[in-house]
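>>> just need the structure, nothing else, for what follows:
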Amino acid sequence: MKAIPIQVNELAFVSTREAARYIVGEELLLGYERKENTIAKELKRCFPKNGEHSWEMYGRWLVRHASATSEASEDHINV
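Sure, this is the predicted structure:
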């Protein structure tokens with residue numbers, strides 16, 4: 001399956017899996033246990049469902065396609 005470049009808040013990731021790992025780690029710091037597989041699946045499903053527009057996840061994470069990122073955020077791409 002092809003990786004979907006994704007942006008979470010101001011950080012760009014090369015795939016939904018990388019973004020899911022980031023969200024899991026940050027949620028854990030806030031005291032919430034999340035599952036990486038569940039978040040990755042939700043990220044993949046929500047793009048077509050939302051017409052490929054941005055949306056908020058858990059009220060904290062603004063999620064959108066990384067193609068909509070600015071040049072400034074490209075420095076933060078996780079590989």
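>>> which SSE is the nearest residue to residue 57 once chain neighbours are set aside in?
Among residues not flanking residue 57 along the chain, residue 63 sits closest, at 5.4 Å (Cβ to Cβ, 6 or more residues apart in numbering). Just so you know, the C-beta spots here come from the backbone N, C-alpha and C atoms, and that holds for glycine as well. Per DSSP states H and E: residue 63 is located in strand 61-65.
>>> thinking again about what came up before, what sits against the residue nearest to residue 57?
The contact partners of residue 63, by Cβ atoms under 8 Å, 6 or more residues apart in numbering, come to 6, 7, 8, 19, 43, 46, 54, 55, 56, 57.
>>> residue 29 - how many residues pack around it?
7 (other Cβ atoms under 10 Å).
>>> swap that for residue 15, please
Counted by other Cβ under 10 Å, the residues lying close to residue 15 total 20.
>>> rewinding a little: name whatever forms a beta bridge with the residue nearest to residue 57.
With DSSP bridges applied, residue 63 shows beta-bridge pairing to residue 8, residue 55.
>>> quick one: pLDDT of it?
You'll see residue 63 listed with a pLDDT of 92.
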